[in-house]
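> sequence and predicted structure are below.
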Amino acid sequence: MSLKFDFNNMFSSSVGDHGVSQVDINGMLPKAKNAASHLKKLLSDPKARVKLNLEWAKLPEQNKADISKIQKIGKEISKKYENVIFLGIGGSYLGLKAAQDALCLPYYNEFKTLRKKSPRVYFEGNNLDPDTLKTLLKNINPKNTFVVVISKSGETTETKAALMIVEAWLKTGVGVKYGRQILAITDPESGSLHKRVVAEQEKDVLSFRSFPLLKGVGGRFSEFNMGLLHLAIIGININELFNGAKEMSVRCSQDDILKNPAYMYALLHVILYREKQKSLAVLMPFSQGLKSTADWYVQLLAESLGKKYHRKVVVSEDGSEGWINDKDNEFAKGRTPISAAGTNDLHSIQQNNVEGENNKVITFIRVEKFKTDLKIPGKNDLLSGKSFSQLMQLAQEATEWALVRESRPNCTIIMPKITDFTWGALLFFFEMATAFEGELLNINAFDQPGVEGYKNYMYYKLGKPGVSQNIINEIKNHPLLKDPNLIL
Ligand code: PA5
């Protein structure tokens, strides 16, 4: 049940001058080999993994006892509650949504037969649009609802604000012991949510129970950590998911770059970006269930590789490696990710993919066998007797062909079936490819300083203590221009 990676259409043999040539590969190989051995060295060093946020690579090998504990609480919640609301944003949300859409049948929340014995699951705290949360809380019963809040920092405005609203709602609905219906997944040592957990548990040990976000795992690389309780609640086989990730980890640890799918994926994209100006990355699964996985990948690529500065490696006195942003070495680049889905978007972005600017690389995900299928009835139509999955695969092949005809580079990830195993493998593949691309480009793939800009502005306007004088001056000296003549 392994994934396959078809890179044919990334090469000049398929798409001419817009593709990668053997000369390009030969030119990049020495650099790629260095990047691979550097990454390998860091990944094999437990201290480096934690210090540099590379611990995600070891998540599939987590302690079985810890997983059982999470599964036990997940089952307990599933048994007792009709609804679970997960509060979180970015890395504390997208992996969960991706897992649910990929691994559960569609319309999971709507039909009890599909949920089996699991509760309905809602995602909130990922937006400041009042309409969704208000509507949800108006229509579900707090007595039957459990809340899981996920935030490493505990300070993220969207999640924090949603938690405050949900707490007030629970308190009114269930009384003072409402904290027993809240579980926090957060940093086990610092942050305001952690402090809250400690304070609540001192008063009542069943209130604000908590699971830790592990050290050295950044939000967007943490589905195999902070997503586990959610997976347990919706009935996913976590061991199988980890088996898939582990199998992919072995494949993606091969030193031979040309045999390593994650390294090849990164290498080919870097060549196409640098040498052929392919700056847009469209991920287009031919599966509705994988659309949210494409959304998850958008965050992974954008936050990891869209960076202002190159990385500077500094070695501390104890000999350990550290990374700082090299302010003298500006990068200010990064491929722009776009999430799409076949076949919906063949009637949308595909026109631009085929005839618009030739500045994109399309990655398809092709599913060989769907969870179900539909055979079209009748005899007199060319569609009669065909199955939906047949047509889906034909549409994917046809889209590849249409792109190749116009010299548009693309590649295909082939998933035999969407299962806990293959989805675990898919996530791990993208994580490894992203980490390797960071190495190739010499940028830190594990921070997201650009996200701070809007947060600081909001904190300043909200009067939050602790905003630095530098930032206050920046905001005061560079106000947004609002010339009324330009507002029509
Ligand atoms: O990848 C990341 O680290 C971010 O996307 C975070 O997950 C996101 O900003 C949410 O942060 P927090 O978990 O602290 O609320």
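Arrived safely, thanks for sending. Everything quoted here is computed from the prediction, not taken from an experiment. Numbers count the residues shown, from 1 in each chain.

> need the contact list for G19.
The contact partners of G19, by C-beta atoms under 8 Å, 6 or more residues apart in numbering, come to N9, M10, F11, S12, S13, L272, K276, S407, P409. C-beta coordinates here come from the backbone N, C-alpha and C atoms, glycine included.

> hmm, which of these are the buried ones?
N9, M10, F11, S12, L272, K276, P409 (16 or more other C-beta atoms under 10 Å).

> for the residue of the stretch 101-250 of the chain found nearest the ligand, which non-adjacent residue is spatially closest?
The stretch 101-250 of the chain approaches the ligand most closely through G219 (2.2 Å), counting by C-beta to the nearest ligand atom. Distances taken as C-beta to C-beta, 6 or more residues apart in numbering put G91 closest to G219, at 2.3 Å, once the chain neighbours are dropped.

> and the gap between the one you found and the ligand?
Distance, G91 to the ligand, by C-beta to the nearest ligand atom, to the nearest Å: 3 Å.

> give the contact list for that residue.
G218, G219, R220, F221, S222, M226, Q299, E303.

> could you list the domains of the chain?
In the domain annotation for the chain, the residue ranges read 4-53+240-441, 56-238 (automatic domain parsing).

> still on that earlier bit, hmm, the residue of the stretch 101-250 of the chain closest to the ligand is touching L96, no?
No - taking C-beta atoms under 8 Å as the definition, G219 is not a contact partner of L96, at 11.7 Å.

> do you have the helices of the stretch 301-450 of the chain handy? List them.
For the stretch 301-450 of the chain, the helices defined by DSSP state H, counting those that start in this stretch cover 349-355, 388-405, 420-441.

> and E275, how many neighbours does it have?
When neighbours are counted by other C-beta atoms under 10 Å, E275 registers 13.

> cool, and V404?
Using other C-beta under 10 Å, V404 is surrounded by 17 other residues.

> pLDDT value on it, please?
Looking at V404, its pLDDT is 98.

> now the helices: where do they sit in the stretch 51-200 of the chain?
Using DSSP H, counting those that start in this stretch, helices in the stretch 51-200 of the chain cover 64-80, 94-103, 112-115, 130-139, 157-174, 192-203.

> now mean neighbour count, distance to the ligand and mean pLDDT too, for those helices, in JSON lines please.
Output for these, formatted as JSON lines (neighbours: other C-beta atoms under 10 Å; distance: least, C-beta to the nearest ligand atom, whole Å; pLDDT from 0 to 100):
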{"stretch": "helix 64-80", "mean neighbour count": "15", "distance to the ligand": "18", "mean pLDDT": "95"}
{"stretch": "helix 94-103", "mean neighbour count": "24", "distance to the ligand": "8", "mean pLDDT": "98"}
{"stretch": "helix 112-115", "mean neighbour count": "12", "distance to the ligand": "27", "mean pLDDT": "94"}
{"stretch": "helix 130-139", "mean neighbour count": "13", "distance to the ligand": "16", "mean pLDDT": "98"}
{"stretch": "helix 157-174", "mean neighbour count": "18", "distance to the ligand": "5", "mean pLDDT": "98"}
{"stretch": "helix 192-203", "mean neighbour count": "16", "distance to the ligand": "8", "mean pLDDT": "97"}
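
> nearest to I471, of those helices?
helix 157-174 (15.8 Å; C-beta to C-beta).

> next, the angle helix 130-139 makes with the closest one.
Relative orientation of helix 157-174 and helix 130-139, computed by axes from the mean of the first three to the mean of the last three C-alpha atoms, to 10 degrees: 20 degrees.

> pLDDT-wise, which helix or strand of this structure ranks last?
helix 452-462 (a mean of 91; mean pLDDT, DSSP states H and E).

> and the angle from it to helix 157-174?
Inter-element angle recorded for helix 452-462 and helix 157-174: 60 degrees (by the same axes, to 10 degrees).

> narrow the contacts of G91 to those in helices?
In helices, defined here by DSSP state H, the members of the contacts of G91 are M226, Q299, E303.

> would a markdown table of the helices of the stretch 51-200 of the chain with distance to L462 be doable?
Converted to a markdown table, those look like this (distance: least, C-beta to C-beta, whole Å):
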| stretch | distance to L462 |
| --- | --- |
| helix 64-80 | 33 |
| helix 94-103 | 25 |
| helix 112-115 | 39 |
| helix 130-139 | 17 |
| helix 157-174 | 8 |
| helix 192-203 | 15 |
